[in-house]
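Chemist: Compute the structure for the input listed below.
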Amino acid sequence: MATTIDAQATPAPRGLVPLLLTIVPFSQIPLDAYTPALPEMVRSLQADPAAVQNTVTAYMLGMSLALIPVGLVTDAVGRRVTLFAGMALLIAMSLACAAVSDVNLLLALRFIQGMGGCTCLVVSYVVAADCFRGAHLTSVSGLLGAAWGLAPVLAPAAGGVLADFVSWRVIFLLIGGLASLVAVIAFFRLPETLPPARRIPIDLRAAGAVIATALRNRLFLCFTLIFGAMASAQLVFGVVAPFLYQEGLGFSPSGYGLMALLLGGVNLAGELGCSYFAKRTTPQKLGWTSYALFLSGAVGLAASGVMWGAGLISITLGGALVLLGCGVLCPMMYGMALGLFERNLGLLGGLISAICYLCVSGAMVAAAVLPETSQAPMGALYVVLGLVAGALLALALPGAKGAGHP
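Modeler: From the prediction side, this is the model:
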């Protein structure tokens, strides 16, 4: 059964964290790289805009449904085999997406691609949890969150240029090629951090008991749901913003890519801030400060959209505050939730991510049907997510110990 941490972590091999920083973004790159091309894809595939937007949701649903099975498998057979099987699936589906001509087939391929991409997220964080504990784990989670956050920083900028000058199909080819390169490097450099003596054979009844125990843990449930709410806000921005900037403000795909680079940099600063401050302040101070940033951005987006409509300054400033708060809270909550336990880390990491991406998928469905004439509907959605997250923070942070000084 999963228990509160006591056991000694596996010693971290030299160079492990930099290697993980190259792997974890490939759960997110396929989600963000092509979003500047969404309007072009609507025309190219002669499809409904909502259907094309839902190719993002399909990827996340694939991730959501595969996360727990992937966690079980990695606890049973080890980290390396699980990672390379998932990356092979991700690469194959990326190449298939590049060749597709029907949006319904693209939706199916994206679902399968998400199943492969989820291994990069689960294995990276679980390997970190194999080797680190307490505030150190939260700090490393912040670094992993920063690397994961590089996808919304760099991928839309690169995707915008490719959409302007080449094709959205080249974006998927590039995803497959870069994932292949990282897989080769990891094959030679990534050690196995789960020795055979610590592996847990797949037992669905025992796994169900572990999940039930985790879900009865108030701190675990609160941390995980806050993570889901903040990740929802972060990823909704990546889907709605291309239409606000391109259709509403007249930006080109590459122009939007530059804005995504700027705003992604703000998000990245939050993730790096989580890593830096995790060992230097209390979880209460870090959590509430970042929450205040998020909520002020959410209210600003909603109010400015109602009063003035779409505007460059209001969308960008409000989005920056939201993404800064998300940048701190996402890795902080993930690290604190996973840090509560010492065993079944693959299963529990998969459970955290599955709950998160199910929350994100629901938010994405809502975002796809909301009008995109201004930032007000997105801001209203953020306010709702913020109220939920604030209530959960009030329940969880008084008992939190994992993000502050060890």
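Chemist: for the record, mean pLDDT for stretch 58-65?
Modeler: What stretch 58-65 shows for mean pLDDT is 87.
Chemist: now swap in stretch 34-42 and tell me
Modeler: 84.
Chemist: helices or strands up against the longest helix along the chain?
Modeler: Longest among the helix segments of the chain by residue count, using DSSP state H, is helix 134-165. Using 3 or more C-beta pairs under 8 Å, 6 or more residues apart in numbering; DSSP states H and E, the elements in contact with helix 134-165 are helix 16-23, helix 29-32, helix 103-131, helix 168-189, helix 218-243, helix 253-277, helix 312-338. Yep, even glycine has a C-beta here, placed from its N, CA and C like the rest.
Chemist: Distance to residue 394 added to those, as a markdown table?
Modeler: Output for the helices and strands packed on helix 134-165, formatted as a markdown table (distance: least, C-beta to C-beta, whole Å):
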| stretch | distance to residue 394 |
| --- | --- |
| helix 16-23 | 33 |
| helix 29-32 | 31 |
| helix 103-131 | 26 |
| helix 168-189 | 40 |
| helix 218-243 | 9 |
| helix 253-277 | 20 |
| helix 312-338 | 14 |
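Chemist: Looking at these, which is nearest to residue 66?
Modeler: helix 103-131 (4.0 Å; C-beta to C-beta).
Chemist: what helices or strands is the closest one leaning on?
Modeler: Under the contact rule (3+ C-beta pairs under 8 Å, 6+ apart), helix 103-131 is packed against helix 16-23, helix 29-32, helix 49-77, helix 79-99, helix 134-165, helix 312-338, helix 345-369.
Chemist: And those helices, which one averages the lowest pLDDT?
Modeler: The stretch with the lowest average pLDDT out of the helices and strands packed on helix 103-131 is helix 134-165, scoring a mean of 76.
Chemist: Taking their axis directions, that helix and helix 253-277 sit at what angle?
Modeler: Inter-element angle recorded for helix 134-165 and helix 253-277: 170 degrees (by axes from the mean of the first three to the mean of the last three C-alpha atoms, to 10 degrees).
Chemist: who wins for proximity to residue 286 among the helices and strands packed on helix 134-165?
Modeler: Among the helices and strands packed on helix 134-165, the nearest to residue 286 by C-beta to C-beta is helix 253-277 (5.3 Å).
Chemist: angle of that closest one against helix 218-243?
Modeler: 160 degrees.
Chemist: what packs against helix 253-277?
Modeler: helix 134-165, helix 218-243, helix 283-308, helix 312-338.
Chemist: In TSV: the ones you listed, plus mean neighbour count and distance to residue 76.
Modeler: Listed next are the helices and strands packed on helix 253-277 as TSV, based on neighbours: other C-beta atoms under 10 Å; distance: least, C-beta to C-beta, whole Å:
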stretch	mean neighbour count	distance to residue 76
helix 134-165	24	23
helix 218-243	25	22
helix 283-308	20	33
helix 312-338	26	18
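Chemist: which stretch among those helices comes nearest residue 386?
Modeler: Proximity to residue 386 (C-beta to C-beta) singles out helix 283-308 among these, at 4.6 Å.
Chemist: Out of the helices and strands packed on helix 253-277, which is closest to residue 388?
Modeler: Put simply, out of the helices and strands packed on helix 253-277 the one that sits nearest residue 388 is helix 218-243, at 5.4 Å, with distance taken as C-beta to C-beta.
Chemist: so the closest one versus helix 312-338, what angle?
Modeler: Taking the same axes, to 10 degrees, helix 218-243 and helix 312-338 form an angle of 150 degrees between their directions.
Chemist: what about helix 218-243, average pLDDT?
Modeler: pLDDT averaged over helix 218-243 equals 90, rounded to a whole number.
Chemist: what angle sits between that helix and helix 283-308?
Modeler: Between helix 218-243 and helix 283-308, the angle comes out at 30 degrees (the same axes, to 10 degrees).
Chemist: what distance separates helix 218-243 from the middle of the whole chain?
Modeler: Relative to its chain's centre, helix 218-243 lies at 8 Å (C-alpha atoms, centre = their mean, to the nearest Å).
Chemist: do the same with stretch 95-115
Modeler: When distances are taken as C-alpha atoms, centre = their mean, stretch 95-115 is centred 20 Å away from the chain's centroid.
Chemist: For that stretch, buried residues please.
Modeler: Burial within stretch 95-115, assessed by neighbour count using 16 or more other C-beta atoms under 10 Å, is assigned to 96-98, 100, 103, 106-107, 109-115.
Chemist: Stretch 272-282 now?
Modeler: For stretch 272-282, a neighbour-count test (16+ other C-beta under 10 Å) marks 272, 273, 274, 275, 277, 278, 279 as buried.
Chemist: Please apply the same query to stretch 169-188.
Modeler: Applying a neighbour-count criterion of 16+ other C-beta under 10 Å, one finds 169-176, 178-180, 182-183, 186 buried in stretch 169-188.
Chemist: Equivalent analysis for stretch 65-73, please.
Modeler: Taking 16+ other C-beta under 10 Å as the basis for neighbour counts, the residues of stretch 65-73 that come out buried are 65, 66, 67, 68, 69, 70, 71, 72, 73.
Chemist: ok, the nearest residue to the last one once chain neighbours are set aside - contacts?
Modeler: Which is residue 73. Nearest non-adjacent residue to residue 73, counting by C-beta to C-beta, 6 or more residues apart in numbering: residue 82, 5.2 Å away. With contacts defined as C-beta atoms under 8 Å, 6 or more residues apart in numbering, the neighbours of residue 82 are 70, 73, 74, 119, 122, 123, 346.
Chemist: What separation do you get for the residue nearest to the fourth one when sequence neighbours are not counted and residue 27?
Modeler: In other words, residue 119. The shortest distance from residue 119 to any residue other than its chain neighbours is 2.6 Å, reached at residue 86 (C-beta to C-beta, 6+ apart). In this structure, residue 86 and residue 27 are separated by 9 Å, where distance is defined by C-beta to C-beta, to the nearest Å.
Chemist: Return the residues in contact with the closest residue to residue 27 other than its chain neighbours.
Modeler: Ranked by C-beta to C-beta, 6+ apart and with sequence neighbours excluded, the top spatial neighbour of residue 27 is residue 121, at 3.7 Å. For residue 121, the residues meeting the contact criterion (C-beta under 8 Å, 6+ apart) are 24, 27, 28, 63, 67, 148, 353.
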